[in-house]
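1. dropping the sequence and predicted coords here.
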Amino acid sequence: MEQRYQVALSLISGIGPVLSKQLINHFGSAQEIFKASKGRVSKVNGFGVKLSSLLSDEEKLLRQADQLIEKSYRQNIAIHCLKDDSYPKRLLQIPDAPLVLYTKGKVDLNPNKSVGIVGTRKATKYGLATTESIVADAESNRPTVISGLAYGIDVRAHEAALEESLPTIAVLACGLQTVYPAGNRETANKMLDAGGLISEYPIGTKADPRYFPARNRIIAGLSDALIVVEAAKKGGALITGNIAHSYERPVFAVPGQLDKSNSEGCNQLIRNYKASIYTGFRDVVEALNWDREKEQKVQMITAKLEKLTGLEKKVVDTLLANGQQMKLDDLSWQSQIPLNQLASILLQLEFEGIIKPLPGKEYRLG
């Protein structure tokens, strides 16, 4: 019930996410906002008679919301509202969090770790190679890679994450009925099984240049840290870096040659003390204290390993001997455990937090 009211509220042009959140906090729910009189709404700080009148056609707004919810359901698009448990906890920390998010794919909106990687559409070979290197170096920490699916650095970050079996999420500036840019549709489809797509815009919304800065704030908000690989002195990557800095997220920029336009934005972020120089993924790990978390996790897993049964230990030993990650069939063959028996063992190890299932019937030590 509350979902349809929040969706309806999000459809009102003129009441953005900041005012919407202010209203919900004041009245307790979106449903109570619509029940309130215009006089009560107009007295809320930031509102007046003109804005409160936008809520008057409740029946029409709810009808539109119901139609949108139904269309989304038919296209396998999930809806997450501000008060839902599934809503990203990281976005609750920013002042202009979207009221509603639409997602498609196997999207975990609250991953243990996340890193945003952004850059110019007109990427150089060096920028693309650097993006690949960043993701490869990040692999051992298992973060979710966040970007915007744009040509250049963004899509290369997504592709590299898929190659490293890392979950990856693209934040789009259009409705999820389509993919923008269309040239990256193949990558987007691959991402549906290893992360997915996010947008604050409902089905039917076409990509528009006006929406890209707003999209960039979601990339910044979802990221524990942001890495800007290449950026011109004007453009989306620089905007995202500035927004992440304003959210007090660690920002890193890859320094570039002084005579290259693709380096101007990165060098500017560094010069203005809005980003640290990126020298390796170790910079991110140290800034976020991920090493300490890793040590604690190793200690926890070590304690659990001591309690394993014979077959469970055999599975773990096989994974350790093969790079800690294997396909199900290979694991069965090398451990000499039949698939039907192995499935129940893996389920128990997953429950214990010792292993983690990956797309493509692969498993890795947790």
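-> Arrived safely, thanks for sending.
2. report the helix or strand with the lowest average pLDDT across this structure.
-> The helix or strand of the chain with the poorest confidence is helix 49-52; it has a mean of 60 (mean pLDDT, DSSP states H and E).
3. low-confidence ranges, the stretch 201-350 of the chain, go.
-> Counting by pLDDT under 70, the stretch 201-350 of the chain has low-confidence residues at 292-306.
4. which residues of the stretch 251-366 of the chain fall in strands?
-> Per DSSP state E, counting those that start in this stretch, the stretch 251-366 of the chain carries strands over the ranges 251-253, 276-277, 325-327, 355-358, 362-365.
5. which of those strands sits closest to residue 126?
-> For residue 126, the closest of those is strand 251-253, at 14.3 Å, according to CB to CB. Where you see a C-beta, it was placed from the backbone N, CA and C, and this is true even at glycine.
6. so what strands line up beside the closest one?
-> Note on strand 251-253: by DSSP bridges, its sheet partners are strand 225-228 (parallel), strand 276-277 (parallel).
7. so what touches the shortest one?
-> Contact with strand 276-277 is made by 250-253, 255, 270, 283, 287, as judged by CB atoms under 8 Å, 6 or more residues apart in numbering.
8. keeping just the C-alphas, turn stretch 140-147 into CSV.
-> Output in CSV follows, covering the C-alpha atoms of stretch 140-147 (Å, rounded to 0.1, in the frame of the first residue of the first chain):
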residue,chain,number,x,y,z
SER,A,140,40.7,-10.0,-4.2
ASN,A,141,38.5,-7.6,-2.2
ARG,A,142,35.3,-8.7,-4.0
PRO,A,143,33.7,-5.2,-4.3
THR,A,144,30.6,-4.5,-6.4
VAL,A,145,31.7,-2.3,-9.3
ILE,A,146,29.4,0.7,-9.9
SER,A,147,29.4,2.8,-13.0
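9. tell me which of the strands paired with strand 251-253 sits nearest to residue 264.
-> Residue 264 lies closest to strand 225-228 among the strands paired with strand 251-253, at 11.5 Å (CB to CB).
10. moving C-terminal of the helix or strand in which residue 63 is found, what's the next helix or strand?
-> Residue 63 is located in helix 58-74, with elements delineated by DSSP states H and E. The C-terminal neighbour of helix 58-74 among helices and strands, as given by DSSP H and E, is strand 78-81.
11. against which helices or strands is that following strand packed?
-> helix 2-10, helix 58-74, strand 100-104 (3 or more CB pairs under 8 Å, 6 or more residues apart in numbering; DSSP states H and E).
12. rerun at 7 Å
-> helix 2-10, strand 100-104 (3 or more CB pairs under 7 Å, 6 or more residues apart in numbering; DSSP states H and E).
13. just checking, what packs against whichever helix or strand comes after the last one?
-> Once the chain leaves strand 100-104, the next helix or strand it forms, by DSSP H and E, is strand 114-118. When contacts are defined as 3+ CB pairs under 7 Å, 6+ apart, strand 114-118 sits against helix 125-138, strand 144-147, helix 153-163, helix 212-222, strand 225-228.
14. and residue 18, which of the ones you listed is closest to it?
-> helix 212-222 (11.4 Å).
15. quick one, helices of the stretch 201-350 of the chain?
-> Ranges of helices in the stretch 201-350 of the chain, per DSSP state H, counting those that start in this stretch, are 212-222, 236-246, 261-271, 281-288, 290-305, 310-320, 328-335, 339-351.
16. tell me which of those helices sits nearest to residue 71.
-> helix 212-222 (21.1 Å).
17. break this structure down into its domains, please.
-> 2-75, 114-288, 290-365 (automatic domain parsing).
18. please identify the most buried of those.
-> domain 114-288 (a mean of 21; mean count of other CB atoms under 10 Å).
19. rewinding a little: could I get the strands of the stretch 251-366 of the chain as a markdown table with distance to residue 162?
-> Output for the strands of the stretch 251-366 of the chain, formatted as a markdown table (distance: least, CB to CB, whole Å):
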| stretch | distance to residue 162 |
| --- | --- |
| strand 251-253 | 22 |
| strand 276-277 | 27 |
| strand 325-327 | 15 |
| strand 355-358 | 11 |
| strand 362-365 | 13 |
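20. out of those strands, which is closest to residue 113?
-> Short answer: strand 355-358, nearest of the strands of the stretch 251-366 of the chain by CB to CB, at 12.8 Å.
21. what's next to that closest one, contact-wise?
-> Strand 355-358 is contacted from outside by 165, 346, 349-350, 363-366, using CB atoms under 7 Å, 6 or more residues apart in numbering.
22. now with 6 Å, please.
-> With contact meaning CB atoms under 6 Å, 6 or more residues apart in numbering, strand 355-358 is reached by 165, 349, 363-366.
23. what would those residues look like in TSV with distance to residue 172?
-> What follows is the contacts of strand 355-358, written out as TSV (distance: CB to CB, whole Å):
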residue	distance to residue 172
165	23
349	36
363	31
364	29
365	33
366	31
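24. tell me how far stretch 79-91 lies from the chain's centre.
-> Put simply, stretch 79-91 sits 12 Å off its chain's centre (CA atoms, centre = their mean, to the nearest Å).
25. just the CA atoms of that stretch, as PDB, please.
-> What follows is stretch 79-91, C-alpha atoms only, in PDB (Å, rounded to 0.1, in the frame of the first residue of the first chain):
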ATOM      1  CA  ILE A  79      10.700  -1.200  -7.300                       C
ATOM      2  CA  HIS A  80      12.500  -0.100  -4.100                       C
ATOM      3  CA  CYS A  81      11.000   2.800  -2.100                       C
ATOM      4  CA  LEU A  82      12.700   4.900   0.500                       C
ATOM      5  CA  LYS A  83      11.200   3.100   3.500                       C
ATOM      6  CA  ASP A  84      11.700  -0.400   2.100                       C
ATOM      7  CA  ASP A  85      14.200  -2.800   3.700                       C
ATOM      8  CA  SER A  86      15.700  -3.400   0.300                       C
ATOM      9  CA  TYR A  87      16.500   0.300  -0.300                       C
ATOM     10  CA  PRO A  88      20.200   1.000  -0.500                       C
ATOM     11  CA  LYS A  89      21.500   1.900   3.000                       C
ATOM     12  CA  ARG A  90      24.300   3.900   1.400                       C
ATOM     13  CA  LEU A  91      21.800   6.200  -0.300                       C
END
